[in-house]
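1. Okay, sequence plus prediction incoming.
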Amino acid sequence: MHQLFGLVLGQRDLSRAGDLFSLEDSEIEDCLSQALEEIKAISCSPDYLTNDNDQAVVEICITRITTAIRETRSIERHGGALVGLWESCLEHNLTPQGKDEDTPHAKIASDITSCILQNYSRPPVMALAVPVAVRFLQRGNRELSRNMSSYLSLAAMAKADLLVEHTEAITCSVLGVDVK
């Protein structure tokens, strides 16, 4: 892992997190999957929900990583790790806690949704992403569900067969009923 990513994530060093944006995308492209795995470990730790510092470090690192993935066009290379982090959010509460107040894991999911699903025309990425995106549809977060629905519509236009096995779950989500 790049030394600065190692420092920021290893020590949860918020004071240095902004320095990640001074690095060239090509400098960090090789370590993005590893950084995503470390973020997943941090976000799944028992005290993550109450640790504002860790949440801020994770948010900054995700922004830097998703920017680098877009700029280096390396979604196929890092898609597995990105979808893994995204999927780990499903293990946590995603329902807003107040008016317009997303939970920490809903924020993570929201931050990486567009990076993954804007690649709807790339079948290898969508093969990983669609099963996870469908699971987000019924998790009690309207904004996430709305975004997933929009991206899944685009995916359906690009490669409809990826959605065939998820038709029941998508239909139930639209109708507002639980999947059997």
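-> Good, I have the coordinates.
2. Other residues contacting stretch 95-109?
-> In this structure, residues lying in contact with stretch 95-109 by C-beta atoms under 8 Å, 6 or more residues apart in numbering are 43, 48-49, 55, 58-59, 62, 85-86, 89, 92-94, 110, 136, 139-141, 143-144. C-betas here are computed from N, CA, C, even on glycine.
3. Can you check which helix is longest in the chain?
-> helix 52-72 (DSSP state H).
4. now it, how far from the chain's geometric center?
-> 10 Å (C-alpha atoms, centre = their mean, to the nearest Å).
5. Without its sequence neighbours, what residue ends up closest to S26?
-> T72 (6.7 Å; C-beta to C-beta, 6 or more residues apart in numbering).
6. Does the one you found touch D30 like I think?
-> No. Applying C-beta atoms under 8 Å, one finds T72 not in contact with D30, separated by 9.9 Å.
7. more crowded one of the two?
-> Taking neighbours as other C-beta atoms under 10 Å, T72 and D30 compare with T72 leading, 17 against 13.
8. Identify the residues contacting the more buried one.
-> 25-26, 29.
9. got it, and L49?
-> L49 touches 92, 103-104, counting by C-beta under 8 Å, 6+ apart.
10. Between those residues, which sits nearest L9?
-> Closest to L9 out of the contacts of L49 is P104 (16.0 Å), distances taken as C-beta to C-beta.
11. do you know how far the closest one is from S110?
-> To S110, P104 is 11 Å away according to C-beta to C-beta, to the nearest Å.
12. picking up where we left off before, residues contacting the following helix or strand past the longest helix of the chain, please?
-> The helix or strand immediately downstream of helix 52-72 is helix 75-88, counting by DSSP states H and E. Applying C-beta under 8 Å, 6+ apart, the contact partners of helix 75-88 are 32-34, 36-37, 39-40, 43-44, 65-66, 69, 108-109, 112-113, 115-116, 119, 122, 124-125, 128-129, 132, 135.
13. Could I have the buried ones of those as PyMOL selection syntax?
-> Of these, the buried ones go into a single PyMOL selection, burial set by 16 or more other C-beta atoms under 10 Å:
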select buried, resi 32+33+34+36+39+40+43+65+66+69+108+109+112+113+115+116+119+122+125+128+129+132+135
